[in-house]
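In: sequence first, predicted coordinates after that:
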Amino acid sequence: MSQHEHVRVAVIGSGFGGLGAAVRLRREGITDFVVLERAESVGGTWRDNSYPGCACDVPSHLYSFSFAPNPDWPRTFSGQRHIRAYLEHVTDTFRLRPHLRLGHEVLMMRWNTDELWWEIETSRGRFTADAVVSATGPLSDPKVPDVPGLAAFQEAGGKVFHSARWDHDYDLAGKRVAMIGTGASAIQIVPAIQPRVASLTLFQRTPPWVMPRMDRAITGAERWLHRQVPLTATARRGLLWGIRELQVSAFTKRPNELRLVESLAKANMARAIKDPALRARLTPSYRIGCKRILLSSEYYPALAKPNVDVVASGLAEISGRAAVAADGTRAEVDAIVFGTGFHVTDMPIAERVVGADGVTLAEAWKDGMESLRGATAAGFPNWMTIIGPNTGLGNSSMILMIESQLNYMADYLRQLGALGGRAALAARPSAVAAWNRRVQARMERTVWNAGGCDSWYLDASGRNTTIWPGTTSEFRRATRAVDLGEYEIVRARSLSEEAAA
């Protein structure tokens, strides 16, 4: 580490979390920071996911920063292109580009217990930082299953890619395509590509609950009003937020109340799917909300088209040019698109973070992710994460949770600065354990745990380490300020102490 750049804070990632952290740092008067980004542009998941039909399932005016309102959203639910443009706009508006270090993939971060700083090795240089804010996000590293025969399929000229790594140079027109998975990406991809492909076979392990997506163009008059009277946009955002806050109790305390929503979802399906056998394959057997409720008005109509086949079984193997399901169903295909999600409960970045005891974050979390208030982990001083364990949402905007975590980050850095000299704040293991006991106790009665499904919210042991079991208001109160009683204060040893040692 003889040649490096030292900063007060290193932010990892430039999606909503990383850019939000950068804006907040500047507002706190902290300008000595860098944003380390492995790609060559900002945007996070909204840069990486550019598949056909990609859009947000949270209303635009709620899926944006409260400190950077956008009166010119073109639709009530914005597409990937407009969200990415918004993040570029935020980057420019708040003068963040001088802090960006693009093309700097973090290879390893190690805590130096003598200097009380983080040593960061990237693909383009080394840094040291008094504190690290990890904002890599849970939807950043695609998960592709290890399917027998997949490599041979590719060697024989078959095309394979993940929805988050879409190959725009490959023309799907006239091709036989297999779509693997039925999550939020798949239900957008299917209707977008169905008119162009020769055939589309959807391999479905578990059917999702799908509600209509009440999307429309925002009129010029509305946008003019939001520009001229910003309070109207604030009111719109507040209404969208309030409706979702009122819904939380059904998800967290009274899942049986969701039966009415199930009946609406079944009616939505029945309008488009007339074939009773297909309806049966598409009807979930678990309580709505256990998996994320998906929004689409085009998904079911696309599935009813004659060139689409729904296989109610997961992909088991590739045999020659045939994709073979677990139930034995075969489909001859030219291309395979994986909509199989991301490494959420086993994030690869955790293998690259080495804490005070010389263990990686992945090792510390081998029995399940745990953090204090979704932000800090025991054994990793001066390290914070944005969208950490149990901060996800099943019905509202993650931007609300990110902004709450930015409040906590800001107070953490204030408290750290007030200590004077070289110092660190280390989350007490007892505080981390107590917080997670409370979270998991509340989780037991939620639809995400008791709804009868196996979702990506759960880790390998079946524990829900991703979702927040309460309202966004509750989380904001819980992260308003740092309780120093939950931390151990670590100070650098003086020269006399070092000499004595």
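Out: The structure has been received and is ready for your questions.
In: quick one: low-confidence parts of the stretch 151-300 of the chain?
Out: Within the stretch 151-300 of the chain, no range satisfies pLDDT under 70.
In: what segments of it are helices?
Out: 186-193, 220-228, 230-252, 259-272, 276-282, 299-303 (DSSP state H, counting those that start in this stretch).
In: and the longest one, C-alpha only, in CSV?
Out: The reference is to helix 230-252. C-alpha atoms of helix 230-252 as CSV (Å, rounded to 0.1, in the frame of the first residue of the first chain):
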residue,chain,number,x,y,z
PRO,A,230,-43.5,21.9,-6.5
LEU,A,231,-45.8,21.3,-3.5
THR,A,232,-48.2,19.4,-5.8
ALA,A,233,-45.5,16.9,-6.6
THR,A,234,-44.7,16.6,-2.9
ALA,A,235,-48.4,15.9,-2.2
ARG,A,236,-48.5,13.3,-4.9
ARG,A,237,-45.5,11.6,-3.5
GLY,A,238,-47.0,11.8,0.0
LEU,A,239,-50.3,10.2,-1.2
LEU,A,240,-48.4,7.3,-2.9
TRP,A,241,-46.4,6.8,0.3
GLY,A,242,-49.4,6.9,2.6
ILE,A,243,-51.4,4.3,0.7
ARG,A,244,-48.5,1.9,0.9
GLU,A,245,-48.0,2.6,4.6
LEU,A,246,-51.6,1.6,5.3
GLN,A,247,-51.1,-1.7,3.4
VAL,A,248,-48.2,-2.8,5.6
SER,A,249,-50.3,-4.3,8.5
ALA,A,250,-51.9,-6.9,6.1
PHE,A,251,-48.4,-8.1,5.1
THR,A,252,-46.9,-8.0,8.6
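In: which of the residues in that helix are buried?
Out: 233, 236, 237, 240, 241, 244, 245, 247, 248, 250, 251, 252 (16 or more other C-beta atoms under 10 Å). The C-beta positions use only the backbone N, C-alpha and C, and glycine is treated the same way.
In: make TSV out of those and add distance to residue 401.
Out: Below are those laid out as TSV (distance: C-beta to C-beta, whole Å):
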residue	distance to residue 401
233	21
236	20
237	15
240	15
241	12
244	12
245	13
247	16
248	13
250	19
251	15
252	15
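In: backbone dihedrals for residue 109, please?
Out: For residue 109, the backbone dihedrals (degrees, to the nearest 10) come out as phi -130, psi 130.
In: rewinding a little: nearest to residue 38, out of the helices of the stretch 151-300 of the chain?
Out: Closest approach to residue 38 among the helices of the stretch 151-300 of the chain is made by helix 186-193 (24.6 Å; C-beta to C-beta).
In: with just CA atoms, put the closest one into CSV.
Out: Once non-C-alpha atoms are left out, helix 186-193 reads as follows in CSV (Å, rounded to 0.1, in the frame of the first residue of the first chain):
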residue,chain,number,x,y,z
ALA,A,186,-39.5,-12.3,-16.8
ILE,A,187,-43.0,-10.9,-16.7
GLN,A,188,-41.7,-7.8,-18.5
ILE,A,189,-39.5,-9.7,-20.9
VAL,A,190,-42.1,-12.2,-22.1
PRO,A,191,-44.6,-9.6,-23.5
ALA,A,192,-41.8,-7.5,-25.0
ILE,A,193,-40.3,-10.4,-27.0
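In: mind giving me the packing neighbours of that helix?
Out: Using 3 or more C-beta pairs under 8 Å, 6 or more residues apart in numbering; DSSP states H and E, the elements in contact with helix 186-193 are strand 176-180, strand 199-203, helix 299-303.
In: farthest-apart pair in the buried residues of helix 230-252, please.
Out: Maximum pairwise distance among the buried residues of helix 230-252 (C-beta to C-beta): 29.1 Å, between 233 and 252.
In: if we can go back for a sec, out of the helices of the stretch 151-300 of the chain, which gets nearest to residue 472?
Out: Judged by C-beta to C-beta, the one of the helices of the stretch 151-300 of the chain that comes nearest to residue 472 is helix 230-252, at 6.7 Å.
In: so what does the closest one touch, helix or strand wise?
Out: Judged by 3+ C-beta pairs under 8 Å, 6+ apart, helix 230-252 is in contact with helix 220-228, helix 447-450, helix 472-478.
In: how far off centre is the last one?
Out: Its chain's C-alpha centre and that of helix 472-478 lie 19 Å apart, by C-alpha atoms, centre = their mean, to the nearest Å.
In: next SSE after it?
Out: As assigned by DSSP states H and E, the chain's next helix or strand after helix 472-478 is strand 487-491.
In: pull the residues that contact that next one.
Out: The contact list for strand 487-491 (C-beta atoms under 8 Å, 6 or more residues apart in numbering) reads 116, 376, 381, 419, 421-428, 431.
In: ok, 7 Å please
Out: Strand 487-491 is contacted from outside by 116, 381, 419, 421, 423, 424, 425, 426, 427, 428, using C-beta atoms under 7 Å, 6 or more residues apart in numbering.
In: partners of it in the sheet?
Out: In the sheet, strand 487-491 lines up against strand 423-427 (antiparallel) (DSSP bridges).
In: after the partner strand, which helix or strand is next? Please name it.
Out: Going down the chain from strand 423-427, the next helix or strand is helix 429-443, by DSSP H and E.
In: for that next one, buried residues please.
Out: Within helix 429-443, the residues scored as buried using 16+ other C-beta under 10 Å are 431, 432, 435, 436, 439, 440, 442, 443.
In: ok, the longest strand anywhere in the chain: who's next to it in the sheet?
Out: Longest strand in the chain by number of residues (criterion: DSSP state E): strand 125-134. Here strand 125-134 has these sheet partners by DSSP bridges: strand 5-12 (parallel), strand 117-122 (antiparallel), strand 383-385 (parallel).
In: which SS class is residue 406?
Out: helix (DSSP: H, G, I helix; E, B strand; the rest coil).
In: list the contacts of it.
Out: Taking C-beta under 7 Å, 6+ apart as the criterion, residue 406 is in contact with 20, 21, 24.
In: find the nearest non-adjacent residue to the last one, please.
Out: Counting by C-beta to C-beta, 6 or more residues apart in numbering, residue 24 lies nearest to residue 406, which is 4.5 Å off, once chain neighbours are set aside.
In: over to residue 53?
Out: The nearest residue in space to residue 53 (C-beta to C-beta, 6+ apart) is residue 192, at 3.3 Å.
In: same deal with residue 455?
Out: Excluding the flanking residues, the one nearest residue 455 by C-beta to C-beta, 6+ apart is residue 291, at 4.6 Å.
In: and the one you found, how close does it get to residue 144?
Out: For residue 291, the distance to residue 144 (C-beta to C-beta, to the nearest Å) stands at 20 Å.
In: which one's more surrounded, those two?
Out: residue 291 (25 against 16; other C-beta atoms under 10 Å).
In: pretty sure that one contacts residue 210?
Out: No - with contact defined as C-beta atoms under 7 Å, residue 291 does not count as touching residue 210 (10.8 Å).
In: run through the bridge partners of the nearest residue to residue 144 once chain neighbours are set aside.
Out: Leaving aside its sequence neighbours, residue 144 sits nearest to residue 338 (C-beta to C-beta, 6+ apart; 5.2 Å). Bridge pairing for residue 338 (DSSP bridges) gives the partners residue 162, residue 180.
In: contact partners for residue 338?
Out: With contact set as C-beta under 7 Å, 6+ apart, residue 338 has these partners: 144, 162, 163, 180, 181.
In: same thing but 8 Å
Out: Counting by C-beta under 8 Å, 6+ apart, the residues that residue 338 touches are 142, 144, 145, 160, 161, 162, 163, 180, 181.
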